[in-house]
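Undergrad: quick one, fold the following:
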Amino acid sequence: MAQIFQLYRFIQRQPFIILIILSPIFFLQPQVSLHTLTNDFEKKRIGVVGKSSSSLQIASWNLRVPFPQDLSLNLSWSTRRSSVIAGISQYQPDLLALQEDCYFMSTDLLNTPISGRGQYKLSDSYNRYGLFNRNGESHPSSTWPNNAFSSIVGNDGEHNSVWYNKHRFDPLQNVTFWLSLTPNVPSSFDEVTGRIVNCLLLRDRHNCNTASNNEECVHIFYCSTHFPAGNVT
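TA: Residues are numbered from 1 along each chain as shown. From the prediction side, this is the model:
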């Protein structure tokens, strides 16, 4: 837990906000939305122009990992992907916490051009951070363990990614731990799936004291995790 203690010492000296997004069940719609935006798409393309510097729009979305039975229910990822992209583009959150997002799903979301909007992609506005819940790695490989949806996604799995508007925030530090008695080791309570918590310490460039010689800014510690459904541990 050395990372967390170092982070604690840092935020003791800074103005900061701590945000932890939890998602216990499956959702197919954005679950948290603050401060409805009215600025047009071209303004959104360059960040958050037109918004109050004190406003902060946050969203959480459980994407649902692709299970084999989803194909017969017309809920495959290829069917849902365009709706997810459209939802993120519409709400334009400053911070977004995802749950049940496989690596390939985040890659799809970030790199697919949005229909009717030229070559604009979500990666033009967002960066992300998230490690795999089973082993704490960032990119899929043949060594990743199989799971209930491997027949659909191969060696991939859940990440609980944190997204942030890269035109507003500067990432200062990332922290990952697990909800278990051994938080530095991929693990969980009575589950094969590791209940991971992915966090970022962010500097908010829209909330800085420019009169200060050090340009003191608000720092936000933002986390995404996913509680199990029906587990009483």
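Undergrad: what's across from the closest residue to residue 160 other than its chain neighbours in the sheet?
TA: In this structure, residue 160 finds its nearest non-sequential neighbour in residue 224, 4.5 Å apart by C-beta to C-beta, 6 or more residues apart in numbering. Placement of C-beta: from N, CA and C, glycine included. Judged by DSSP bridges, the bridge partners of residue 224 are residue 21, residue 198.
Undergrad: could you pull out the strands in this structure for me?
TA: Listed in chain order, the strands of the chain (DSSP state E) span 16-22, 58-62, 95-99, 126-129, 162-165, 169-178, 196-209, 216-225.
Undergrad: relative to residue 191, how far out is residue 73?
TA: 25 Å (C-beta to C-beta, to the nearest Å).
Undergrad: more neighbours, the two?
TA: Ranked by neighbour count (other C-beta atoms under 10 Å), residue 73 and residue 191 place residue 191 first, with 14 against 9.
Undergrad: surely the more buried one meets residue 228?
TA: Yes - using C-beta atoms under 8 Å, residue 191 is in contact with residue 228, at 6.5 Å.
Undergrad: gap between the most centrally placed residue in the chain and residue 204?
TA: The centre of the chain sits closest to residue 162, judged by C-alpha atoms, centre = their mean, with a distance of 2.3 Å. From residue 162 over to residue 204 the distance is 15 Å, taken as C-beta to C-beta.
Undergrad: looking at the chain, which helix or strand is least sure?
TA: Counting by mean pLDDT, DSSP states H and E, the weakest-scoring helix or strand in the chain turns out to be helix 41-45, with a mean of 32.
Undergrad: now stretch 82-94: average pLDDT?
TA: Across stretch 82-94, pLDDT averages out at 92.
Undergrad: same check on stretch 98-106?
TA: Summarised as a single mean, pLDDT over stretch 98-106 is 91.
Undergrad: and for that stretch, what's in contact with it?
TA: Contact with stretch 98-106 is made by 23, 26, 60-66, 77, 81, 128, 130, 132, 138-140, 153, 156-163, 224-226, as judged by C-beta atoms under 8 Å, 6 or more residues apart in numbering.
Undergrad: which members of those residues are classed as buried?
TA: Buried positions within the contacts of stretch 98-106, assessed by neighbour count (16 or more other C-beta atoms under 10 Å), are 23, 60-66, 77, 128, 130, 132, 140, 153, 156-163, 224-226.
Undergrad: sketch out the low-pLDDT regions of the protein for me.
TA: For the chain, residues meeting the criterion pLDDT under 70 lie at 1-54, 192, 210-215, 229-233.
Undergrad: please enumerate the helices of it.
TA: For the chain, applying DSSP state H gives helices covering 2-11, 41-45, 77-91, 103-111, 150-153.
Undergrad: residue 196 and residue 184 touch, don't they?
TA: No - using C-beta under 8 Å, residue 196 makes no contact with residue 184, being 11.7 Å away.
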